[in-house]
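sequence first, predicted model second:
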Amino acid sequence: MLFTIPRLFDYQGGTSLLGLGDIVLPGLLLSFACRFDAAKRLVGFTSDNQSPSSTCHTKPRGYFIPVTVAYAVGLMMANIAVYVMEMGQPALLYLVPCCLGTMMVLAHQRGETAELWKGPKVLIAAERIVNGYEGEYDGGVGASVEGEMGKRRSVGESTGMFG
């Protein structure tokens, strides 16, 4: 699937093509960054016994906004490369280093590189808070914890009415 994007200021009315993969693959990283930021906020509110309104005015340290800006910069770089070289360029060549590089540089500066690489424990903690799990999580595959009503279930098992 391709998206056709009209070229600006092209008197011949040309277009550029953007593939679905150029949107989906960076979008997966963006959704991970958004989920990670939300989980960190949730775990921070519950562990510090703070209300969301008490921390609204602090400086945000998330990944979502910087990675979104990096995606826009990478897309702009890909379009500039198409104009300069006068031939099609793979957009992921510019998007991946911008998006992933931004996330990894920020993680390195914040000391969270190992946590992002191995799998963020904050996501598991946020899931446990939202679903009301009690007990310790041992991190094993198929691990189970005791939830409300004393019923044991696997960590990944859905508790919603649709699943």
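Thanks, I have it.

skipping adjacent residues, who's closest to T68 in space?
L30 (6.3 Å; Cβ to Cβ, 6 or more residues apart in numbering). Glycine gets a C-beta too; all of them are placed from N, C-alpha and C.

after the helix or strand where the one you found lies, which helix or strand is next? Please name it.
In the assignment (DSSP states H and E), L30 maps to helix 21-47. Using DSSP H and E, the helix or strand that directly follows helix 21-47 along the chain is helix 64-85.

packing partners for that following helix?
Counting contacts by 3 or more Cβ pairs under 8 Å, 6 or more residues apart in numbering; DSSP states H and E, helix 64-85 is packed against helix 21-47, helix 92-110.

export the ones you listed to JSON lines and tack on mean neighbour count, mean pLDDT and distance to P120?
Supplementary listing: the helices and strands packed on helix 64-85 in JSON lines, determined by neighbours: other Cβ atoms under 10 Å; pLDDT from 0 to 100; distance: least, Cβ to Cβ, whole Å:
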{"stretch": "helix 21-47", "mean neighbour count": "16", "mean pLDDT": "86", "distance to P120": "6"}
{"stretch": "helix 92-110", "mean neighbour count": "17", "mean pLDDT": "94", "distance to P120": "10"}
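
any chance of these in TSV, plus distance to G14?
Listed next are the helices and strands packed on helix 64-85 as TSV, based on distance: least, Cβ to Cβ, whole Å:
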stretch	distance to G14
helix 21-47	18
helix 92-110	19
